[in-house]
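Student: Quick check, what structure comes out for this input:
(one chain, ligands or ions: 1)
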Amino acid sequence: MYKRTSQTSENEIITALENKYTTKVYKFYEVALNNQPKEYVETLEEAEKIVNEIEEQFNTDELEIDIKINEKYTVNTEEINTDTFEVAANNVKTAAQEIKEENESLAIINGIKISVLPVNGTVSSRYGVSSSIRSSRHTGLDIACATGTNIKVVSSGTITFAQYNGSYGNLVKVDHGNGIETWYAHCSKIYAKVGQKVEAGDIIAAVGSTGNSTGPHLHFEIRIDGNTVNPQNYVY
Ligand SMILES: [Zn+2]
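Tutor: Numbering: from 1, shown residues only. This next block holds a predicted model:
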């Protein structure tokens, strides 16, 4: 039985494995991000170059991106799914970018990144409270701010509703995919149109007091598969 020690050189490992399997042993390198294998390349130089590029492009300490090179051995070349340097570097960069976006987002709901607040303001009524001006429990979160304040969409998606709707007043609904919707109500103006694609931070409406409202504020809802949830589980 072959025993590996910290003093063992790479060549000794290969020789020992070759003796054991009486076949050629191949060595390759895994690049792992936060302990998840992301890519395999043939040479240490390529792996190190990828690490250098990631460290140049991303603030790995601040973003808590841990990048490591792990040595791998195999006797079966078909097991080696190594990529060319360019492909491997791009894949690792994409994975690092995803970690960056997740770290920078305010919340993630069913894989949907909430990356901006719709308005900056003071919470004036919480989700679920009862009130004399409403017939049922509060289905969203109210954020008081001045009439005309820009309302930003919190995540990328598609506008599915953009018109007056009873007690909601001027209402914009956005479908973000994965069953996630956000609603923006009591708007003074609507800037978005049904079918329009939006990105997080796009201005879709202005704060107002239309519908069942006693003063200018944004009524903000998050819905999962059609059901309202407390927005403060995620934002504010
Ligand atoms: Zn409300």
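Student: Show me which residues of this protein sit near the ion.
Tutor: Residues of the chain lying near the ion by CB under 5 Å from the ion: G140, D142, H219. Yep, even glycine has a C-beta here, placed from its N, CA and C like the rest.
Student: what bridges to the last one?
Tutor: Same thing as H219. H219 has the following beta-bridge partners by DSSP bridges: D142, A185.
Student: okay, now it: neighbour count?
Tutor: Applying other CB atoms under 10 Å, we find 25 residues neighbouring H219.
Student: which ones are touching it?
Tutor: Contacts for H219 (CB atoms under 8 Å, 6 or more residues apart in numbering) come out as G140, L141, D142, Y168, W183, Y184, A185, H186, S213.
Student: So which residues of the protein form helices?
Tutor: With helices called from DSSP state H, the chain shows them at 10-21, 44-57, 85-104.
Student: can the ones you listed go into a markdown table with extra columns for mean neighbour count and mean pLDDT?
Tutor: Formatted as a markdown table, the helices of the chain follow (neighbours: other CB atoms under 10 Å; pLDDT from 0 to 100):
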| stretch | mean neighbour count | mean pLDDT |
| --- | --- | --- |
| helix 10-21 | 13 | 80 |
| helix 44-57 | 16 | 95 |
| helix 85-104 | 16 | 91 |
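Student: okay if I get these as JSON lines plus distance to P118?
Tutor: Formatted as JSON lines, the helices of the chain follow (distance: least, CB to CB, whole Å):
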{"stretch": "helix 10-21", "distance to P118": "55"}
{"stretch": "helix 44-57", "distance to P118": "31"}
{"stretch": "helix 85-104", "distance to P118": "17"}
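Student: closest to D66 out of these?
Tutor: Closest approach to D66 among those is made by helix 85-104 (9.5 Å; CB to CB).
Student: Quick check: which helices or strands does that closest one pack against?
Tutor: Here helix 85-104 is seen to pack against strand 26-33, strand 36-41, helix 44-57 when contacts are counted using 3 or more CB pairs under 8 Å, 6 or more residues apart in numbering; DSSP states H and E.
Student: so which of the ones you listed comes closest to V153?
Tutor: helix 44-57 (27.8 Å).
Student: Helix 10-21 and the closest one, what's the angle between them?
Tutor: Helix 44-57 runs at 130 degrees relative to helix 10-21, counting by axes from the mean of the first three to the mean of the last three CA atoms, to 10 degrees.
Student: in the protein, which ranges drop under the pLDDT threshold?
Tutor: Where the chain drops to pLDDT under 70, the residues are 1-8, 132-135.
Student: quick one, domains of it?
Tutor: 10-104, 112-233 (automatic domain parsing).
Student: How far does the last one sit from its chain's centre?
Tutor: Using CA atoms, centre = their mean, to the nearest Å, we find the averaged C-alpha position of domain 112-233 to lie 21 Å away from the chain's own average C-alpha position.
Student: returning to that earlier point: and of the contacts of H219, the nearest to I13?
Tutor: Distance to I13 across the contacts of H219 (CB to CB) is lowest for L141, with 58.8 Å.
Student: Burial check on the nearest residue to the closest one once chain neighbours are set aside, number of neighbours?
Tutor: The shortest distance from L141 to any residue other than its chain neighbours is 4.2 Å, reached at P231 (CB to CB, 6 or more residues apart in numbering). For P231, the count of nearby residues is 22 (other CB under 10 Å).
Student: need the contact list for P231.
Tutor: Contacts of P231 by CB under 8 Å, 6+ apart are Y127, G140, L141, F220, E221, I222.
Student: Perfect, I'm done here.
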